[in-house]
Each structure stands twice: as structure tokens, then as C-alpha cells.
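Novice: When you get a sec, could you give me coordinates for this:
(one chain, ligands or ions: 1)
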Amino acid sequence: MRTSNNKKLDKLFVERWSPREFLSDTISDEDIETIFEAAHWSPSCFNEQPWRFVYARQQDDLEKFRSTLVEGNQTWANQAPLLIYVFSKKHFSQNDKPNRWADFDSGAAWMALTLQANMLGLHTHAMGGYDPDKAFTVTNMDPDKYDVVCAIAVGKIDKTSNRESQSSRKSLDEIVFEGISD
Ligand SMILES: Cc1cc2nc3c(=O)[nH]c(=O)nc-3n(C[C@H](O)[C@H](O)[C@H](O)COP(=O)(O)O)c2cc1C
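Specialist: Below you'll find the predicted structure:
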């Protein structure tokens, strides 16, 4: 279990992690709806809500989604009962101008989805390792209108399984800076 000395920090942030061992147990409709509802409350530039989620939970859909993943991801993501693709709409709906915040906003939505999943006893694992062309084909999304941002595996994990290598983090000194430097 990851820990932090900061007693004010909610454990939700520290205890989230990306497993590669999923149980094939199905996820209830209610839980699926709940994680997407969490995502859809995320903030976005001009409230555009550029995120789109296409998911697979039926075996034939899952097989198609898995076929889009790079081999290294297929080896472990094959067990996950829910696979999701996150897309973001490239242009603002109001004026068709490029939305350069779309991927940022979709990233916020993915994190909301993940934290809500954790609260429901589920885990997620994001994947950048997929073939984008195949992702558009199997999801029937239009590459002229959307960016493919990420794939996500979701499921329960075997609580007795060992957590893999604990991913470390840079220190705050390396990533947070106060004020104006000379
Ligand atoms: C956008 C994104 C793409 C990622 N792509 C992959 C991937 O293709 N395969 C994989 O095994 N993990 C992937 N990861 C998982 C990261 O390696 C992992 O989040 C990071 O090492 C931190 O570990 P933690 O999530 O357990 O804290 C990805 C994560 C993100 C956010």
C-alpha cells in the first residue's frame, strides 16, 4: 500500500493505482453508469464537455477492443470485464474553432471516472498503447471530429494478489514552483 506523511491528503489519491491483474467478474450496469456520471460532472473549457466514452463489456465487443491494443497490453487487459476508449471532440460546438483544451478536459474526466471507480471497489488502468486507426474503426468514431485520447481497462482485482512494483513519484520540489524566478 502506498502511503503519504501528509495527514490532510485524502487516501483516495494515494491508494489509486493501476493494476495488471483483473478478475473477469462483470461490473453492474449501475456501477458502469456511476463511473460515467462522475466523469460527466468534470469541468471543461466553455463547458464544452468534449469527452466521449465508447465502452465494451459484451464478449464480442471486448474481443474487438482488445484487438486494438498493443501486444504488451493485451496480455493483461484481456481479463478486464470493461474496456473504454476516451475520445475528445477537436472543435468547439458553438463556433467550430479548434478546442486546444479538449484533451486536457478529457483527462480531467478520466480522473473523475477513475476515482469514482475506486470508491466502488473497482480499479482502472489507462493505456496509451493501442493502434489509433483500429481504435477509430472498432468504435465507429470519426477521426476528423475526434482525437483518441486513451484506452482504459476497468475491473475488480483479486485482493490477495500482490501489488506490482510500486510506482514512485517525483518530489513536489521538482514539479511545483512558487512565484516569479529571476
Ligand atoms: C495516458 C496514460 C497512458 C498509459 N499507457 C499505459 C500502457 O499502454 N500500458 C501500461 O501498462 N500502462 C500504461 N499506463 C499506466 C502508467 O504506466 C501508470 O499510471 C504509471 O506508471 C503510474 O502508476 P500508477 O497508476 O499505478 O500510480 C498509462 C497511464 C496513462 C495515464
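Novice: could you say which helix or strand contains Ala108?
Specialist: Element membership of Ala108 [criterion: DSSP states H and E] is helix 102-119.
Novice: At which residues are the strands of the chain located?
Specialist: Remark: strands assigned in the chain by DSSP state E are 51-56, 82-89, 123-127, 146-155.
Novice: what inclination does the first one have with respect to helix 102-119?
Specialist: What that stands for is strand 51-56. 50 degrees (axes from the mean of the first three to the mean of the last three Cα atoms, to 10 degrees).
Novice: residues from this structure in reach of the ligand?
Specialist: Trp17, Ser18, Asn73, Ala126, Met127, Gly128, Gly129, Cys150, Ser167 (Cβ under 6 Å from any ligand atom). Quick note: C-beta positions are derived from backbone N, CA and C, even for glycine.
Novice: Mark which of those residues are buried, thanks.
Specialist: Trp17, Asn73, Ala126, Met127, Cys150 (16 or more other Cβ atoms under 10 Å).
Novice: Output the below-cut-off pLDDT ranges for the protein.
Specialist: Within the chain, the segments meeting pLDDT under 70 span 1, 160-166, 182.
Novice: just the helices in it please.
Specialist: 11-15, 29-40, 59-66, 71-77, 102-119, 132-139, 172-175 (DSSP state H).
Novice: The ones you listed into CSV, with extra columns for distance to Thr3?
Specialist: CSV is the format used below for the helices of the chain (distance: least, Cβ to Cβ, whole Å):
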stretch, distance to Thr3
helix 11-15, 7
helix 29-40, 25
helix 59-66, 34
helix 71-77, 25
helix 102-119, 16
helix 132-139, 36
helix 172-175, 16
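Novice: which of the ones you listed is buried the deepest?
Specialist: With neighbours defined as mean count of other Cβ atoms under 10 Å, the helices of the chain peak in mean count at helix 102-119, which reaches a mean of 20.
Novice: Off-centre distance for that one?
Specialist: 6 Å (Cα atoms, centre = their mean, to the nearest Å).
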